[in-house]
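Q: Return atomic coordinates for the entry below.
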Amino acid sequence: MPNKKEMPSTGLLSIDLGAIQYNWLYLQKIICKGNARSSCAAVVKADAYGLGVKPVSLALVAVGCKDFFVATLDEGEELRKVLGVEPRIFVLGGVLHGFNEKEFGERWNDFNLIPVLYSASCIERWIMFCQQRNKTFPCVLKVDTGMHRLGVPAEELDTLFDRILHDKSEPALFAPVLLMSHLACADEPNNLFNQEQLLVFKRSVTTMQNYFPNTALSLSNSSGIFLGEDFHFDLCRPGIALYGGNPTIANKAFTKNPMSQVVKLSLPVMQCRRVQAGESVGYGKTFTAKKETHLATVFGGYADGVLRALSSLGYAWCSGVKVPIVGRVSMDSIVFDITGLDVEPDSIQFFESAQCLDNVASSAQTISYELLTSLGTRYKRQYISGKRNAASFDLSGIAHDK
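A: This is a model prediction of the structure:
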């Protein structure tokens, strides 16, 4: 725990880059164990889930990551400036981001970005872009295997390809480097829909290979990696698992989160006080003390990503002691019950080792994704480095707890 002199007035968010590297290497080992030709990408959209795309992506490149996924053209451009020319950068939002009458996609070429195309109209726009330059630029084709969010319906692939390639005398200038889909229930390993989507994806692969035999394949997200090698194909796309979220919550082969913890949050104590039985705390008088209670008010609140839904439900830690939130979480402050402590603390910690992201998310009735991407900009950020070596890994017990 930081001491009082080190603790910034708006809180300290510690981000362990070595843990992110460990998590990527761990997932890469799982993938390669099933299929030596499979590889692990990294989803770094939304500023690497709120943790900082520059330090996170550079740490991942340092341990061998060669493929990155972002959401928008702007995110892709920012990442290319950070990483240089080598890694592939895929844009999940596709050509919706960056095609207009004035520039018509020049940034895709200038920054060597690869769009994910998920509809016939997207594909037509991309082919027109290639034809105007008389050059084939790489792209990804996303097929809908049943999630019904984005993607070309699997049953329409044949018709689509026939239309694209109708004139065999001229090159279509359409060369997808990847066929991908997305799993809807990968975090529920016993959900039969996973197998249904896998079957539809395999049928789509057969169709794809009739037209584009060299296209790589991608299906698995973080949780999908733990469904087994049948789901791995050529490229897996973990996101939340890289940042310490638990991809195996419902997987009985794991009794604890197999990923290494990445974030810790320390909030400075602004004031300590005692209230008597019958006295209330915070907005709306939603908490009333049943006995004399020792309280600590910290700086930090829902403006900083500590969700209001944690009011009177969430908890944090101080010197190894669990301290509950009392009353409502305010925009800039939270009150904790520190009656169980021997001394008044200088700071209180979220995401301690006994309290992973998913525990906090569960208290707020949300998911770890929302917690990370909600973290505010007022914290001082501390990046902890610690380059990991893939050769040092011994994951012989990969299918069980670490």
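Q: so how far is residue 206 from residue 92?
A: 25 Å (CB to CB, to the nearest Å). Using the backbone N, CA and C atoms, a C-beta is placed for each residue, glycine as well.
Q: Over to residue 107?
A: Following CB to CB, the distance that separates residue 107 from residue 206 is 35 Å.
Q: which of these two has more neighbours?
A: residue 107 (17 against 9; other CB atoms under 10 Å).
Q: That one - that's part of a helix, no?
A: Yes: assessed with DSSP: H, G, I helix; E, B strand; the rest coil, residue 107 lies in a helix.
Q: from here on, count from 25
A: OK, 25 is where the count begins now, so the last one is residue 131.
Q: Go ahead and confirm it touches residue 153.
A: No: when contacts are counted by CB atoms under 8 Å, residue 131 is not listed as touching residue 153 (11.3 Å).
Q: check contacts around residue 178.
A: In this structure, residue 178 makes contact with 167-169, 224-225, 227-228, 231, judged by CB atoms under 8 Å, 6 or more residues apart in numbering.
Q: just curious, which of the residues you listed is nearest to residue 51?
A: Using CB to CB, residue 225 comes nearest to residue 51 of the contacts of residue 178, at 19.9 Å.
Q: Compute the number of surrounding residues for the closest one.
A: Neighbour number of residue 225 under other CB under 10 Å is 24.
Q: and it, what is it in contact with?
A: Contacts for residue 225 (CB under 8 Å, 6+ apart) come out as 167, 169, 178, 205, 241, 243.
Q: from memory the fourth one sits against residue 168, does it?
A: Yes: using CB under 8 Å, residue 205 makes contact with residue 168 at a distance of 7.0 Å.
Q: Output the contacting helices and strands for the strand of greatest length in the chain.
A: In the chain, assigned by DSSP state E, the strand with the most residues is strand 287-299. Under the contact definition 3 or more CB pairs under 8 Å, 6 or more residues apart in numbering; DSSP states H and E, strand 287-299 sits against strand 36-40, strand 317-323, strand 371-374.
Q: C-alpha coordinates for the helix or strand following the shortest one, PDB please?
A: Scanning the chain past strand 371-374 towards its C-terminal end, the next helix or strand to appear is helix 381-387 (assignment: DSSP states H and E). Listed in PDB are the C-alpha atoms of helix 381-387, where the atom choice follows Å, rounded to 0.1, in the frame of the first residue of the first chain:
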ATOM      1  CA  LEU A 381     -12.300  -7.600 -10.900                       C
ATOM      2  CA  ASP A 382     -15.100 -10.100 -11.200                       C
ATOM      3  CA  ASN A 383     -15.900  -9.900  -7.500                       C
ATOM      4  CA  VAL A 384     -16.400  -6.100  -7.700                       C
ATOM      5  CA  ALA A 385     -18.300  -6.500 -10.900                       C
ATOM      6  CA  SER A 386     -20.600  -9.000  -9.300                       C
ATOM      7  CA  SER A 387     -21.300  -6.600  -6.400                       C
END
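Q: for helix 381-387, what is the average pLDDT?
A: For helix 381-387, mean pLDDT is 89.
Q: What is the subsequent helix or strand relative to it?
A: helix 392-398.
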